[in-house]
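# Sharing a model prediction with you, sequence too.
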Amino acid sequence: MATRQLSWGEVWGRRLARHFLVEPAPRERLVDVVGAVCGIHAQVMPSAEISLGLRVAGCTGIRADLRTELWERRSLVKTYGLRGTVHLFPAGELPLWLAALAANPEPARSRPPEGALDLAQEKAVVEAIADALDGRRLTRDGLEAEVARRVGSWAVEPGQPAFGGTWPRWMTGISAAARAGVLCFGPNEGNKVTYARLDQWVGPLGGADGTQALTEVLRRFLAAYGPATHQEFARWFHMEERAAADLFRSLRTEIVEVDVEGWRAWLPATDTADEPASPAAGGSVLLLPHFDCYVVGAHPRERFLPAAWAERGLPRGTASQLPVLLVGGVVGGLWHRRRTGRKLEITVEPFGRLTAGQRRAVEAGADRIGAILQTAVTLAFGPVPARPHL
């Protein structure tokens, strides 16, 4: 069988469509959308709200819908996921993601990070967290006090550098507890995060086979982010490249190689050769927030990022730390938002000249973000500060 030929326009169009960025999904499919894109990055909740609000119809009130699914229905769970970062996942899919993360052969470190817990200390912290959260939610300060009471004062000694300071040593055990299925986030108390016992928050979780879970994660990645190579999957999932190559080989009967103007990559075999590209994708103009999952998984970077990116001295190899203007599926500029009183000031800096239609699309995008965040918006075009979010 001849290798399927694709253009870059078809690739970007396919990914935009699979991310519901061309045609948003119905509002009642909010939880399904989170699953289809392999989780929504939620390190910064307003960014998560924007990411989700762009992907479902009827953006007004999406923040309330998200809170309902997270804290009342608990059909979504906020926890540590891919690459050790905070994500939203459907509660029903947590066994899959936890099993895959536990089975993941991560790239070997040359040496442990400064202040890292050894295996015995990590185990003690995870057990202390489980005990401390039994039947209650705790803020970070409250959990710290309970962990230190159980394991000793070494837990609160300065440890890993973070955000211009240092975390107490026990805090590196939070993500370990999440990966072990012990901990998840609860609703904030004011501006303070809280943690809950995962099994008590969503009910008992069934187990999943680690190898089968990794295979299913790869299927989902290729469905949402393909075509892709094993190197790109390894980067996205933070996996050792040799293990990713083995995983691709295990799916050879389910995936097909495609040629994208000389670049070879893989797609699910179920993606038929006559799958139509969305006519709206090529002209799409979008404002995507910090850490949007489409941007995190966009590859290859040299096709996704324009020359202006490097010329500006912006972060090498990624655009996820900055809010980007997306034109036709690739980065076409930056944008910035700032609250002033009751208004949200949005400034957009295109890297090239926009057509009148594209400027109108930017205006519509800014209005949509205002609707998602339930704030009146003013829009301006001009230079923006390129400061990665910390």
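Yep, that arrived.
# Return the set of buried residues in the helix or strand where residue 214 lies.
Assigned by DSSP states H and E, residue 214 falls within helix 210-225. Neighbour-count burial for helix 210-225, counted by 16 or more other C-beta atoms under 10 Å, picks out 213-225. For glycine as for every other residue, the C-beta is placed from the backbone atoms N, C-alpha and C.
# go on, stretch 143-154?
143, 144, 146, 147, 148, 150, 151.
# Kindly indicate which of those residues lies nearest residue 205.
For these, the minimum distance to residue 205 (C-beta to C-beta) is 21.0 Å, reached by residue 143.
# thought that closest one was touching residue 130?
No - look at residue 143 against residue 130 with C-beta atoms under 8 Å: they stay out of range, at 11.1 Å.
# pLDDT of the top helix by length along the chain, averaged?
With secondary structure taken from DSSP state H, the chain has its longest helix at helix 356-373. When pLDDT is averaged over helix 356-373, the result is 95.
# what about the residue nearest to residue 189 when sequence neighbours are not counted, distance to residue 325?
Spatial nearest neighbour of residue 189, chain neighbours left out: residue 139 (6.0 Å); criterion: C-beta to C-beta, 6 or more residues apart in numbering. Noted for residue 139: a distance of 37 Å to residue 325, by C-beta to C-beta, to the nearest Å.
# Have a look at these two and say which one is more surrounded.
residue 325 (22 against 16; other C-beta atoms under 10 Å).
# ok, and the closest non-adjacent residue to the more buried one?
residue 333 (3.5 Å).
# Kindly confirm my reading that that neighbour is in a strand.
Yes - applying DSSP: H, G, I helix; E, B strand; the rest coil, one finds residue 333 inside a strand.
# OK, contacts around residue 362?
Neighbouring residues of residue 362 by C-beta atoms under 8 Å, 6 or more residues apart in numbering: 285, 287, 325, 348, 354, 379, 381.
# of those, closest to residue 230?
residue 325 (30.4 Å).
# partner residues bridging that closest one?
Note on residue 325: beta-bridge partners residue 287, residue 333, judged by DSSP bridges.
# what pLDDT does it get?
For residue 325, pLDDT reads 97.
# mind listing the strands for the stretch 201-350 of the chain?
Listed in chain order, the strands of the stretch 201-350 of the chain (DSSP state E, counting those that start in this stretch) span 255-260, 263-268, 285-288, 324-327, 330-340, 343-350.
# Could you dump the ones you listed into CSV with distance to residue 241 added?
Shown next, in CSV, are the strands of the stretch 201-350 of the chain (distance: least, C-beta to C-beta, whole Å):
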stretch, distance to residue 241
strand 255-260, 17
strand 263-268, 15
strand 285-288, 27
strand 324-327, 27
strand 330-340, 25
strand 343-350, 35
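# between these, which one is nearest to residue 14?
Of these, nearest to residue 14 by C-beta to C-beta is strand 263-268, at 8.6 Å.
# quick one: low-confidence ranges for this protein?
Counting by pLDDT under 70, the chain contains low-confidence residues at 1, 109-115, 159-165, 272-282, 387-390.
# now residue 154: how far from residue 171?
As judged by C-beta to C-beta, residue 154 and residue 171 stand 13 Å apart.
# what do you get for residue 376?
38 Å.
# out of these two, which sits in the more crowded spot?
The residue with more neighbours, out of residue 376 and residue 171, is residue 171; 21 against 12, by other C-beta under 10 Å.
# the helices in the stretch 1-150 of the chain, which residues?
With DSSP state H, counting those that start in this stretch as the criterion, the stretch 1-150 of the chain has helices at 8-18, 30-36, 45-53, 62-67, 94-103, 119-132, 140-151.
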